[in-house]
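Undergrad: A predicted structure for the sequence below; I have some questions about it.
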Amino acid sequence: MASTTAVGSRNDGDGEQKKRNKGGFKTMPFILGNDVCDRFATAGFGANMITYLTQQLHLPLVEASNLLTNFGGTSSLTPILGALAADSLIGRFWTIIAGSVFYQLGMLGLVVSALLPSLRPAQCAVAPAGTPAPACRRASGWQLAVLYLSLLCTSLGSGGLRPCVVAFGTDQFDQEPPDQNEEHRRQKQDGGGAEAARAVVVAERKRRYFNLYFFTMGVAALLALTVVVYIQDNVGWGWGFGIPAIAMFVSIVVFVVGYPLYVRLKPGGSPFTRLAQVAAAAFKKRNVAVPEDAGMLYQDKKLDALISTNGRLLHTDKLTFLDRAAIVTPGDISATGEPDLWRLSTVHRVEELKCIVRMLPIWSAGILLATADSHNGTFTIMQARTMDRRVTRHFEIPPATMSIFGTTAMLVTLALYDRAFVPLARRVTGRPSGITYFQRMGVGLAISILGVGTAALVETKRRGVAADHGLLDSPAAVVPISVFWLVPQFAIHGVSGAFSSVGHMEFLYDQAPESMRSTAAALFWLASSLGHYLGTVLVTAVQRATRDRGDWLQDNINRGRIDSYYWLVTCLMVLNLGYYLICFHLYTMKPLEMEADEQDGECELSSLQKNGTGTGVV
């Protein structure tokens, strides 16, 4: 069969020179500039929201914590909608624009809520000395409705941004002309063919991009955690929310300015529809015998051209019951030669569904990781609020600013990973990436266990100091223990994120079908979503289970047992690591067919046996 070249069709027949003028690293200032402003806005209003909810809206601790974890879960769930719009309807560029506009509206709603006194309850009355503190009036239903509507808009905005920004960035490299010198160097160094060298170069380029992507996110968060949180605690919430809103507007402008330089791929049709068609066709033919010769299954290069520009997926012997969707039976193909896609699918489309199914077990290991991280912005901030936060005699560090230690640890780890760790690991393993993204994710999961265990030990120490000084029944008192005892747990979580989050994203992007890369990014955020919702379920279950036996989670955290809650999460994380290792050993890499450069034949890429440089090389 003749080779199919789909790059031209994806770029509307642009000439080769025009293609060379688009994409590549020159687009990164605009794409990452947009993402920096977006992350700055997100971290700026999200890092200290627990303080706003408990101190300004007077919500109970558990209710405020569950509100934030539910909001985090919703913000990580809406990327599924964004991925659907990007892959099947309007493309990634316009999905990012739409998401940015929704996010801007949500930020403006929060600014208005913080500025208008009518949208907040009255301040708590000051009790005379020696009398019990009066109950504070919590926010009314309509005041909370304004807050919920604003948060909903930001969640919808996240749905357009999160699955598309990282995938849109990698689009700029897929069409970038290869670096011939680097290819030749790799070919000479590894002793492989031209295709092998090119695959390694592309994989390294994308690995550096993923590291750069997470690094810029960290820089933006670090800036927000220092500047914006300080303004919220010391100047006012109007400016505290207003500055992130301004940053979001700047991000939209910066992104639009780069419009002429972007590679903008056309949507290839709804991936969810294709997956449903394969499942429906396989079910309809559940009684049809699967042929022993895979060559008898239905193939159609022309039909798959738009969704396989970098090579079609090859048939695998796993999940063979889905192969029935590619068996040709009477009535599957019309007189004009067009297949009924609800009755017949190509091998490539069947393998797309197999890819997603194979990825799910390893993907799901990231859910509990998000659960462990979901309370770093709630319970940990409340702990910091009760501790001695003095840096100098006249300056106290805001509680939410403690997150800078986690962000800083992540940034340092990402920088050392590329500059020091990869070269050293490469000498030992002989792999261009040093270690695989599977190993990187596993290391991150293991380190996260240490982070949660450290949090439990520190909270035990803090409660002990409170008991020694007779402060168990004084939740508003400052416990004489330095807030910097919390630094190790934040730092360990930051190091864990540099390994696990980047490895998780690399895995999903590399192993997902080409036409589902926005969906792959959405899966990353879906794991975060489910993790946040699981955090809400876990907090609610623990609260109900311990209500009659000391109440682990209560407004007076000196009497509570947050340390016991952390130990529970630590045990769950240990089980999760074991589950991940089992899933890794059972995983099969996706096989991809590539078009040879100067011949009319096909070049099968074998599995790299999980070596982390991509799908495979000859």
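TA: Received the coordinates, thanks. Numbers count the residues shown, from 1 in each chain.
Undergrad: residue boundaries of the strands in the stretch 501-618 of the chain?
TA: 592-595, 602-605 (DSSP state E, counting those that start in this stretch).
Undergrad: By mean pLDDT, show me the worst of those strands.
TA: Among those, strand 602-605 carries the lowest mean pLDDT, a mean of 36.
Undergrad: Does Ala86 touch Ala98 like I think?
TA: No: the pair Ala86 and Ala98 fails to qualify as a contact (Cβ atoms under 8 Å) at a distance of 9.8 Å. In this view, the C-beta of every residue, glycine as well, is placed from N, C-alpha and C.
Undergrad: quick one: which of the two has more around it?
TA: Ala86 (30 against 20; other Cβ atoms under 10 Å).
Undergrad: Now do the phi/psi pair for the residue nearest to Thr78 when sequence neighbours are not counted.
TA: In this structure, Thr78 finds its nearest non-sequential neighbour in Gly159, 2.8 Å apart by Cβ to Cβ, 6 or more residues apart in numbering. Dihedral pair for Gly159: phi -60, psi -30, per degrees, to the nearest 10.
Undergrad: Make 11 the starting number, not 1.
TA: Happy to do that; since the first residue is 11 now, the last one works out to Gly169.
Undergrad: give me the number of residues near Gly169?
TA: For Gly169, the count of nearby residues is 29 (other Cβ under 10 Å).
Undergrad: if I read this right, it contacts Ala96, doesn't it?
TA: No: look at Gly169 against Ala96 with Cβ under 8 Å: they stay out of range, at 10.1 Å.
Undergrad: So which residues of this structure form strands?
TA: 397-398, 400-402, 405-406, 489-492, 602-605, 612-615 (DSSP state E).
Undergrad: Would you give the sheet partners of the third one, along with the direction of each?
TA: In the sheet, strand 405-406 lines up against strand 400-402 (antiparallel) (DSSP bridges).
Undergrad: same question, the fourth one
TA: When pairing is defined by DSSP bridges, strand 489-492 lines up against strand 397-398 (parallel).
Undergrad: Who are the contact partners of Leu91?
TA: Leu91 sits next to Leu166, Gly169 when contact means Cβ atoms under 8 Å, 6 or more residues apart in numbering.
Undergrad: Any regions of the stretch 161-310 of the chain where pLDDT drops low?
TA: Within the stretch 161-310 of the chain, the stretches with pLDDT under 70 are 183-213, 216, 278-279.
Undergrad: for it, what spans make up the helices?
TA: Along the stretch 161-310 of the chain, counting by DSSP state H, counting those that start in this stretch, helices occupy 190-200, 204-233, 239-244, 247-267, 281-294.
Undergrad: mind putting those helices in a markdown table, distance to Ile377 and mean neighbour count included?
TA: Output for the helices of the stretch 161-310 of the chain, formatted as a markdown table (distance: least, Cβ to Cβ, whole Å; neighbours: other Cβ atoms under 10 Å):
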| stretch | distance to Ile377 | mean neighbour count |
| --- | --- | --- |
| helix 190-200 | 37 | 14 |
| helix 204-233 | 19 | 20 |
| helix 239-244 | 28 | 20 |
| helix 247-267 | 28 | 20 |
| helix 281-294 | 21 | 19 |
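Undergrad: which one of the ones you listed lies closest to Arg429?
TA: The closest of the helices of the stretch 161-310 of the chain to Arg429 is helix 204-233. By Cβ to Cβ, the value is 10.2 Å.
Undergrad: would you turn the helices of the stretch 161-310 of the chain into CSV with distance to Gln393?
TA: Below are the helices of the stretch 161-310 of the chain laid out as CSV (distance: least, Cβ to Cβ, whole Å):
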stretch, distance to Gln393
helix 190-200, 49
helix 204-233, 20
helix 239-244, 16
helix 247-267, 22
helix 281-294, 42
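Undergrad: wouldn't Ile567 be in contact with Gln393 here?
TA: Yes: using Cβ under 8 Å, Ile567 makes contact with Gln393 at a distance of 6.6 Å.
Undergrad: Distance of Asp333 relative to Arg359?
TA: Distance of Asp333 to Arg359, given as Cβ to Cβ, to the nearest Å: 11 Å.
Undergrad: With Ala555 instead?
TA: Per Cβ to Cβ, Ala555 is found 47 Å from Arg359.
Undergrad: Low-confidence bits of the chain, can you list those?
TA: Across the chain, residues meeting the criterion (pLDDT under 70) sit at 11-31, 33-35, 55-57, 135-145, 183-213, 216, 278-279, 319, 386-387, 603-628.
Undergrad: Ser86 - how many residues pack around it?
TA: Using other Cβ under 10 Å, Ser86 is surrounded by 25 other residues.
Undergrad: ignore the last one, Arg400
TA: By other Cβ under 10 Å, 13 other residues sit near Arg400.
Undergrad: Show me what it is bridged to.
TA: Listed beta-bridge partners, Arg400: Glu406 (assigned using DSSP bridges).
Undergrad: quick one: it and Val488 touch, right?
TA: No: using Cβ under 8 Å, Arg400 is not in contact with Val488, being 9.3 Å away.
Undergrad: Ala95 touches Gly170, doesn't it?
TA: Yes: contact status for Ala95 versus Gly170: in contact at 7.3 Å, counting by Cβ under 8 Å.
Undergrad: Which one's more surrounded, those two?
TA: For Ala95 versus Gly170, the count of surrounding residues by other Cβ under 10 Å is larger for Gly170: 28 against 23.
Undergrad: need the contact list for the more buried one.
TA: Gly170 sits in contact with Gly92, Ala95, Thr105, Ile106, Ile107, Ala108, Gly109, Ser110, Phe112, Tyr113, where contact means Cβ under 8 Å, 6+ apart.
Undergrad: what residues are up against Phe81?
TA: Leu161, Ser165.
Undergrad: Kindly apply the preceding question to Gln499 instead.
TA: Counting by Cβ under 8 Å, 6+ apart, Gln499 makes contact with Thr390, Gly461, Val462, Thr464, Ala465, Val468.
Undergrad: can you pull the contacts of the last one?
TA: Same thing as Val468. Trp495, Leu496, Pro498, Gln499.
Undergrad: ok, the second one touching Gln393?
TA: Yep, that's Leu496 we're talking about. Yes: in terms of Cβ under 8 Å, Leu496 counts as a neighbour of Gln393; the distance is 6.8 Å.
Undergrad: Could you pull out the helices in the stretch 11-160 of the chain for me?
TA: Assigned by DSSP H, counting those that start in this stretch, the stretch 11-160 of the chain shows helices spanning 17-20, 26-30, 38-56, 59-61, 71-87, 89-95, 101-125, 151-184.
Undergrad: in the third one, what counts as buried?
TA: Same thing as helix 38-56. Applying a neighbour-count criterion of 16 or more other Cβ atoms under 10 Å, one finds 38, 40-56 buried in helix 38-56.
Undergrad: other SSEs contacting it?
TA: Packing partners of helix 38-56 (3 or more Cβ pairs under 8 Å, 6 or more residues apart in numbering; DSSP states H and E): helix 101-125, helix 151-184, helix 204-233, helix 247-267.
Undergrad: and Arg559, which of those helices is closest to it?
TA: Across the helices and strands packed on helix 38-56, closest to Arg559 is helix 151-184 (Cβ to Cβ), at 31.3 Å.
Undergrad: got the angle for the closest one vs helix 247-267?
TA: Put simply, helix 151-184 runs at 30 degrees to helix 247-267, going by axes from the mean of the first three to the mean of the last three Cα atoms, to 10 degrees.
Undergrad: chain center to helix 151-184, what's the gap?
TA: 12 Å (Cα atoms, centre = their mean, to the nearest Å).
Undergrad: any idea how far Leu323 is from Tyr447?
TA: Here Leu323 is placed at a distance of 19 Å from Tyr447 (Cβ to Cβ).
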